[in-house]
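**Q** With the sequence up front, the predicted model follows.
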Amino acid sequence: MNPLESLNEFLGNAEGWLWTWAGMPVVVVLGLYFTIRSKGVQFRMIPAMFGAITQKAQREEIKEGGRRTERTKSLSAFQAFSISAAARVGTGNVSGVAGAIFLGGPGAVLWMWVMCLLTSAASFIESTLAQLWKTRAADTYKGGPAFYIARGLGSRKFGLFFAVLFIFCFAFAFTSLQANTIVDAVTGAVAVYTDPEGLPWLPIVLGVLLAVLTGVIVFGGMRRVATVAQNMVPIMAVIYLLLGIIIVGMNLGELPRVVSQIVTEAFTPQAAIGGGIGAAIVNGVQRGMLSNEAGMGSVPNVAATASVSHPVKQGLVQTLGVYFDTILICSITAFIVLVAFPDVSTGGEGLVMVQQSLTGNLGGWAAILLAVIMFLLAFTSVLGNFSYGEANMHFITAKRGWHIAFGAAVTALVLIGSVIAVDLAWTIAGVSMVFIALVNLVVIAILAPTAFKLLRHYNAQRAQGLDPIFLASDLPEIKNIEVWVGEDVCDYQEQRELDAAR
């Protein structure tokens with residue numbers, strides 16, 4: 001075994017140990033704390049989540065080419081939801097979930113659902129905090145863990161350290177790894193019809209194509225990223241949902257058996273171990289990240305970009321995103337696999353079982369369809385991860401030159417990730433993610449009382465029949481707030497006055 005292989009094995013073991021003995025206990029304990037203190041916000045406010053996602057962004061008058069026109073001040077609640085969903089819903093929702101079932105049995109699915117319900121409260125806390133301590137930028141608001149570390153805890157140096165680590169892990173490592181996954185998926189589809197070894201140029205061509213697509217979008221700024229995400233994510237979800245419904249419909253007689261397996265096998269030692277590890281997967285096969293990223297510090301970077309009338313609204317929207325990821329997308333994968341494999345030990349790891357289920361039910365052409373789905377999953381994750389990194393770049397510096405260099409680096413890494421072996425990069429990114437998650441969870445636990453105060457402020461207005469609006473002056477005891485003054489919510493106030501007049 002060469003030194004690189006030894007390092008990869010060591011870091012892989014360290015990642016598994018950290019998640020099992022440090023990450024998962026912290027997630028469970030704090031998930032219970034957030035749920036109890038918020039009085040089950042993730043359960044009792046589901047109707048408000050659907051209401052919050054429809055809120056439109058404020059508009060401003062700008063001068064372009066000698067003419068005055070209107071544009072949105074920042075992203076809408078749905079655009080922010082779409083970008084975060086683009087990053088959340090990655091290849092781990094297919095290959096990772098199938099891998100968890102292979103390792104832990106059908107009962108692993110129930111543990112994923114439990115983790116989703118528990119950790120969604122953490123998603124509410126971090127996204128609400130990101131909205132509270134966001135800052136203004138040229139095209140959108142910016143915010144995230146680095147910002148609430150600096151303003152909530154009063155430590156810019158710690159925020160800088162977190163931002164640098166975050167950019168390395170998400171914007172660079174995971175972006176290149178998603179590109180590698182796209183190439184693997186396309187190569188797997190080609191293998192159904194011909195030997196891909198006879199096409200040595202295929203990874204290079206795919207890499208160049210992906211890099212060009214990425215560059216066109218990311219150099220267009222966050223508004224272009226948001227536009228692509230808000231169009232691609234619903235399409236991606238509908239295609240995958242329809243695929244799952246078709247597979248289940250063709251095997252309707254198997255559905256009672258599948259549900260029974262999920263419930264009854266959830267409490268065997270094998271399922272408990274496999275489920276606990278399997279639920280902690282996103283953007284790849286068993287790479288040690290929670291599938292819905294709740295509490296991981298990633299989604300707040302996008303949550304902060306939305307123009308909403310109250311910070312709690314985006315907290316609710318991103319909580320809904322957790323359900324979208326796990327209850328919908330991950331469950332579809334689980335049913336696709338389990339209707340085809342009553343005994344999962346006879347299948348293959350990860351993506352193999354999904355491929356076999358699709359081709360067995362629909363024919364060889366389904367491998368092409370799966371490649372398209374994996375492309376959508378991975379490419380939207382590239383865009384989502386770019387948006388995460390871009391927010392942290394803004395925390396480090398607002399100089400345009402550095403942001404251009406950052407976009408160029410992301411584009412180059414898409415090309416590099418398409419053509420090289422990346423096992424060690426996966427492992428390094430996974431270990432980094434463990435550290436990022438633990439730091440963020442501890443930080444939001446410290447700052448959680450502020451989020452609970454905002455939630456009470458929000459509910460007090462709802463109890464009066466009002467559409468909640470927050471101004472910094474409402475809670476003057478909260479310090480270091482840059483936005484949430486009149487100009488940030490003026491449109492919403494005007495609308496409230498018009499509604500009252502009617």
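**A** It's in.

**Q** count of residues packed around residue 215?
**A** Close neighbours of residue 215, defined as other Cβ atoms under 10 Å, add up to 17. From N, CA and C alone the C-beta is placed, and that goes for glycine too.

**Q** What of the one 10 residues further on?
**A** By other Cβ under 10 Å, 26 other residues sit near residue 225.

**Q** average pLDDT for the host helix or strand of it?
**A** Per DSSP states H and E: residue 225 is located in helix 222-250. Averaged across helix 222-250, pLDDT comes to 77.

**Q** elements contacting that helix?
**A** Here helix 222-250 touches helix 77-88, helix 202-218, helix 331-340, helix 351-362, helix 366-396, going by 3 or more Cβ pairs under 8 Å, 6 or more residues apart in numbering; DSSP states H and E.

**Q** Redo those as TSV? Include mean pLDDT and distance to residue 458.
**A** What follows is the helices and strands packed on helix 222-250, written out as TSV (pLDDT from 0 to 100; distance: least, Cβ to Cβ, whole Å):
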stretch	mean pLDDT	distance to residue 458
helix 77-88	75	14
helix 202-218	80	34
helix 331-340	85	30
helix 351-362	77	41
helix 366-396	81	24
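
**Q** Of the ones you listed, give the one that comes closest to residue 36.
**A** helix 77-88 (25.1 Å; Cβ to Cβ).

**Q** elements contacting the closest one?
**A** Helices and strands touching helix 77-88, by 3+ Cβ pairs under 8 Å, 6+ apart, are helix 222-250, helix 300-303, helix 311-323, helix 366-396.

**Q** what angle sits between the first one and helix 331-340?
**A** Angle between the axes of helix 222-250 and helix 331-340 is 30 degrees (criterion: axes from the mean of the first three to the mean of the last three Cα atoms, to 10 degrees).

**Q** Let me see the contact set for residue 357.
**A** Residues in contact with residue 357 (Cβ atoms under 8 Å, 6 or more residues apart in numbering) are 247, 336, 337, 339, 340, 341.

**Q** ok, these vs residue 464, which is closest?
**A** residue 336 (46.7 Å).

**Q** Tell me if I'm right that the closest one and residue 247 touch.
**A** Yes: Residue 336 lies in contact with residue 247 (Cβ atoms under 8 Å); the separation is 5.0 Å.

**Q** Now the common contact residues for the two.
**A** Common neighbours of residue 336 and residue 247 (Cβ under 8 Å, 6+ apart) are 357, 358.

**Q** and these two? which has more neighbours close in?
**A** Ranked by neighbour count (other Cβ under 10 Å), residue 336 and residue 247 place residue 336 first, with 26 against 22.

**Q** Just want to check the distance between that one and residue 149.
**A** 40 Å (Cβ to Cβ, to the nearest Å).

**Q** cool, residue 429 as well?
**A** Distance check for residue 429 against residue 149: by Cβ to Cβ, it reads 21 Å.

**Q** higher neighbour count, these two?
**A** Legend: neighbour count by other Cβ under 10 Å for residue 429 and residue 149, higher for residue 149 (29 against 26).

**Q** Contact partners for the more buried one?
**A** Residue 149 touches 155, 158, 159, 162, 443, counting by Cβ under 8 Å, 6+ apart.

**Q** Which secondary structure element is home to it?
**A** Assigned by DSSP H and E, residue 149 falls in helix 145-152.

**Q** and that helix, how far from the chain's centre?
**A** 20 Å (Cα atoms, centre = their mean, to the nearest Å).

**Q** Alpha carbons of it, in PDB - could you do that?
**A** C-alpha atoms of helix 145-152 as PDB (Å, rounded to 0.1, in the frame of the first residue of the first chain):
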ATOM      1  CA  PRO A 145     -22.100  31.000   9.800                       C
ATOM      2  CA  ALA A 146     -19.000  33.200   9.300                       C
ATOM      3  CA  PHE A 147     -21.300  36.200   9.700                       C
ATOM      4  CA  TYR A 148     -23.200  35.100  12.800                       C
ATOM      5  CA  ILE A 149     -19.900  33.900  14.400                       C
ATOM      6  CA  ALA A 150     -18.400  37.400  13.800                       C
ATOM      7  CA  ARG A 151     -21.500  39.400  14.900                       C
ATOM      8  CA  GLY A 152     -23.200  37.100  17.300                       C
END
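
**Q** got the angle for it vs helix 366-396?
**A** Using the same axes, to 10 degrees: helix 145-152 against helix 366-396 is 30 degrees.

**Q** After helix 145-152, which helix or strand is next?
**A** Sequence-wise, the next helix or strand downstream of helix 145-152 (DSSP H and E) is helix 156-166.

**Q** Remind me what the next helix or strand along the chain from that following helix packs against, helices and strands.
**A** Per DSSP H and E, the first helix or strand lying C-terminal to helix 156-166 is helix 175-190. When contacts are defined as 3+ Cβ pairs under 8 Å, 6+ apart, helix 175-190 sits against helix 202-218, helix 351-362, helix 366-396, helix 400-419, helix 423-463.

**Q** quick one: which of those is nearest residue 56?
**A** So among these, helix 423-463 is nearest, using Cβ to Cβ, at 18.5 Å.

**Q** could you check the angle helix 175-190 makes with the closest one?
**A** Using the same axes, to 10 degrees, helix 423-463 lies at 110 degrees relative to helix 175-190.

**Q** could you give the angle of helix 423-463 to helix 311-323?
**A** Using the same axes, to 10 degrees, helix 423-463 lies at 130 degrees relative to helix 311-323.

**Q** Please compute how far helix 423-463 lies from its chain's middle.
**A** Taking mean C-alpha positions (Cα atoms, centre = their mean), helix 423-463 and its chain are 13 Å apart.

**Q** quick one on the thing from earlier: just the helices and strands packed on helix 77-88: most buried one?
**A** helix 300-303 (a mean of 34; mean count of other Cβ atoms under 10 Å).

**Q** average pLDDT for it?
**A** Here the average pLDDT along helix 300-303 is 88.

**Q** by contact count, what packs against it?
**A** So helix 300-303, by 3+ Cβ pairs under 8 Å, 6+ apart, packs with helix 77-88, helix 108-132, helix 145-152, helix 311-323, helix 366-396.

**Q** 6 Å instead, please
**A** Under the contact criterion of 3 or more Cβ pairs under 6 Å, 6 or more residues apart in numbering; DSSP states H and E, helix 300-303 touches helix 77-88, helix 108-132, helix 366-396.

**Q** what's the spacing between that helix and its chain's center?
**A** Counting by Cα atoms, centre = their mean, helix 300-303 comes out at 10 Å from the chain centroid.
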